[in-house]
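Asks: Using only what follows, build the 3D model:
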Amino acid sequence: MCVIGSFWQWWKYLLFCISTKVLVVFCFSQLLLHYIYPTTTSSPKHYFITRTLSWLKAQSYCRSFHTDLVSIRNEKEMAVIQKVVPKHMSASVGLSRKTWYSWSAGTQHEFKNWLTGHPLGGTGDCATSLIGGINAGKWVEQPCDQKLPFMCLYSELPPNKLTLIVLH
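Replies: Coordinates of the predicted model:
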């Protein structure tokens with residue numbers, strides 16, 4: 001178990017020093033308890049966050065503490081995500097209507113795993129991956145303000161790249 005104080009700066013470095021399957025994070029500033037499930041020790045790393053947030057807040061969280069919402073580039077990555085997310089849950093992923101053709105991290109969206117007939121018009125602007133049941137791994141659109149667990153991606157940035165995050 002890992003306890004995190006109100007300053008999160010060292011949090012992401014601590015995560016990669018611990019080699020457990022489930023990390024429990026407790027934030028005293030927000031009295032937050034949620035679980036972080038790392039999927040692998042190799043890069044890129046995927047983290048399933050059980051805390052439920054809207055798509056935009058999940059994206060902000062991922063950009064603050066990891067790299068971005070998850071980008072699913074192929075069936076192998078989809079299988080990794082399906083293994084770590086509990087079967088009764090769904091997870092927000094890094095697609096929204098304004099970026100249906102690219103992931104929120106800016107990478108090309110070549111792998112597509114939409115449920116047949118989706119995305120539909122007018123039903124939601126943010127993508128969710130269905131985990132359990134007959135449509136496991138398929139994506140559907142949800143309203144962006146719907147609070148769901150989510151997947152974050154962490155990958156090392158090249159040494160010459162600086163990322164600036166502005167939170168309002």
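Asks: in the protein, which spans are strands?
Replies: With strands called from DSSP state E, the chain shows them at 2-4, 23-27, 32-38, 45-53, 68-69, 90-96, 126-130, 139-142, 148-154.
Asks: Now do the last one: which elements does it pack against?
Replies: If I follow you right, that is strand 148-154. For strand 148-154, the elements it packs on are strand 45-53, helix 55-65, strand 68-69, strand 90-96, judged by 3 or more C-beta pairs under 8 Å, 6 or more residues apart in numbering; DSSP states H and E. Any C-beta I mention is one placed from the backbone N, CA and C, and that applies to glycine too.
Asks: Could you check the angle it makes with strand 90-96?
Replies: For strand 148-154 against strand 90-96, the angle by axes from the mean of the first three to the mean of the last three C-alpha atoms, to 10 degrees is 60 degrees.
Asks: one step back: most tightly packed of the helices and strands packed on strand 148-154?
Replies: Ranked by mean neighbour count, the helices and strands packed on strand 148-154 are led by strand 90-96 with a mean of 25 (mean count of other C-beta atoms under 10 Å).
Asks: Distance check, the nearest residue to Ser54 once chain neighbours are set aside against Ala58.
Replies: Among residues not flanking Ser54 along the chain, Asp145 sits closest, at 4.9 Å (C-beta to C-beta, 6 or more residues apart in numbering). As judged by C-beta to C-beta, to the nearest Å, Asp145 and Ala58 stand 11 Å apart.
Asks: Next: Gly122.
Replies: 22 Å.
Asks: Same check on Ile131?
Replies: 16 Å.
Asks: where are the low-confidence patches of the protein?
Replies: For the chain, the stretches flagged by pLDDT under 70 are 1-44, 99, 101, 132-133, 156-168.
Asks: cutoff 90 now
Replies: 1-51, 63-115, 117-142, 144, 151-168 (pLDDT under 90).
Asks: measure stretch 68-75 end to end?
Replies: Counting by C-alpha to C-alpha, to the nearest Å, you get 19 Å between the two ends of stretch 68-75.
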